[in-house]
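1. all I have is the shape, not the residue letters:
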């Protein structure tokens, strides 16, 4: 039974996460969730890791329900605990992972929103008349045309852009690198942006003082363009969803879309298949030999 203090183990784990180059958002979530767990154990007068077992963890999760946390929040907190105890087992602090048999709350998967092509065209029209049309058009071309995450766009550097062959080298989640193709529209937008740039800090999208655009700034640019075009609820992530949906609607394979978006699991990509029921019906009516009755020249069946 480990006698190591829980607070010391948490501090060690957070240091490990920080050195692993995790995003600041991930680090903060882990810190908040594990601090809450440590406080709970302190209230139970438990200080050592050896005192924590699976029944105790189940009681903690039940308590979260009682305190009014949503299923999504509880699932996130359980994920933090799993990562924490997995780390303790891997480093030899604990002999076994006490979270291994825990079941989290079932969370219904929401279907991501996808814009119509008409709505996408409205966005590009708004970008062409914005305060910085060259920059804003390039942002839309990369978010929608390439399906990038907002953080991937903000971190994109010119060294990662092969303008001639039309490839982007993207460092995605978990520091995994992937190649993303881009079309002639994005090529033209990037060429115009490169000509116009007044700062050379290496980043494709830079602000007025040469610093790379922040995720918050990119988000604001997109939502402002959408608002001016009378579109509600449009975010950079909606453009990513729209890219995947429109590719699948036009016959792209799931495997291709998975690789393009950088999904680890095919199941994540498959959710886009549920978005366009109308497209499925149209495809069926157009292609299945028994979908439509054949009509005679006089209109008779």
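-> Here it is on my side, so go on. Predicted model only: the values in this text are computed from it and were never measured.

2. which residue sits closest to the residue sitting nearest the centre point of the chain, ignoring its sequence neighbours?
-> In the chain, the centroid-proximal residue (Cα atoms, centre = their mean) is residue 149; its distance is 6.0 Å. Excluding its sequence neighbours, the residue lying closest to residue 149 (Cβ to Cβ, 6 or more residues apart in numbering) is residue 240, at 6.5 Å. Every residue, glycine included, has its C-beta placed from N, CA and C.

3. helix or strand for that neighbour, which one?
-> For residue 240, the host element (DSSP states H and E) is helix 236-249.

4. how close does residue 270 sit to residue 137?
-> 31 Å (Cβ to Cβ, to the nearest Å).

5. which residues touch the residue nearest to residue 149?
-> The neighbourhood of residue 240, defined by Cβ atoms under 8 Å, 6 or more residues apart in numbering, consists of 143, 144, 147, 148, 149, 261.

6. pLDDT score assigned to the last one?
-> pLDDT recorded at residue 261 is 87.

7. one more: the one 10 residues further on?
-> We note a pLDDT of 70 for residue 271 in this prediction.

8. next, count neighbours for it.
-> Number of residues near residue 271 (other Cβ atoms under 10 Å) recorded here: 15.

9. dihedrals phi and psi, it?
-> phi -60, psi -30 (degrees, to the nearest 10).

10. 391 is where my numbering starts, stick with that
-> From this message on, residue numbering opens at 391, which makes the last subject residue 661.

11. that older thread, quick one, what contacts the residue nearest to the centre of the chain?
-> So residue 539 contacts 562, 563, 626, 627, 630, 652 (Cβ under 8 Å, 6+ apart).

12. what are the boundaries of the strands in the stretch 491-640 of the chain?
-> Remark: strands assigned in the stretch 491-640 of the chain by DSSP state E, counting those that start in this stretch are 551-552, 557-561, 567-571.

13. how about the ones you listed in TSV, adding distance to residue 395 and mean pLDDT?
-> Output for the strands of the stretch 491-640 of the chain, formatted as TSV (distance: least, Cβ to Cβ, whole Å; pLDDT from 0 to 100):
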stretch	distance to residue 395	mean pLDDT
strand 551-552	49	94
strand 557-561	37	91
strand 567-571	39	91
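
14. in CSV: the ones you listed, plus mean neighbour count and distance to residue 595.
-> Below are the strands of the stretch 491-640 of the chain laid out as CSV (neighbours: other Cβ atoms under 10 Å; distance: least, Cβ to Cβ, whole Å):
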stretch, mean neighbour count, distance to residue 595
strand 551-552, 16, 11
strand 557-561, 17, 13
strand 567-571, 14, 16
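
15. out of those strands, flag the one nearest residue 582.
-> Within the strands of the stretch 491-640 of the chain, the stretch nearest residue 582 is strand 551-552; the backing value is 13.3 Å (Cβ to Cβ).
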